[in-house]
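# fold the following, please.
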Amino acid sequence: MASAHELARGHKRLRALIEFAVSEGWHVKRTRGGHLKFTKIGCAAIYTSSTASDYRADLNARAQIRRAEREARMARAVNAEGCGHG
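The predicted structure is shown next:
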């Protein structure tokens, strides 16, 4: 995987977002269109612009990452509860 610096291409806010995602266990890569794709096993893929247009873009992407992790945890909990019945 490319470094956060290479993926961010000089955008400081993107570098911070990439470092946050990697620290949470996400894999980050650039799509052919230049967007960033965040993936993690058990979570839906998240795509974001490669140029953070405003300060909210970083916050929105972080919120999407947290939301995806929360939804994955809830799905695992529901599946674990359902396995014992039947």
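
# use CA for all of it now, contacts and neighbours both
Fine.

# buried ones in stretch 45-62?
47, 48, 49, 50, 51, 57, 58, 61, 62 (16 or more other C-alpha atoms under 10 Å).

# in those residues, which has the lowest confidence score?
Within the buried residues of stretch 45-62, pLDDT reaches its minimum at residue 51, with 74.

# can you give me the helices in this protein?
4-8, 12-23, 55-83 (DSSP state H).

# starting at the chain centroid, how far to the first one?
Taking the mean of its C-alpha atoms, helix 4-8 sits 15 Å from the chain's own mean (C-alpha atoms, centre = their mean, to the nearest Å).

# packing partners for that helix?
Packing partners of helix 4-8 (3 or more C-alpha pairs under 8 Å, 6 or more residues apart in numbering; DSSP states H and E): helix 12-23.

# quick check: mean pLDDT across the helix it packs on?
88.

# residue 35 is nearest to which of the helices of the chain?
Set against residue 35 and scored by C-alpha to C-alpha, the helices of the chain come closest in helix 4-8, at 9.7 Å.

# list of residues touching that closest one?
The contact list for helix 4-8 (C-alpha atoms under 8 Å, 6 or more residues apart in numbering) reads 14, 15, 18, 19, 29, 30, 36, 50.
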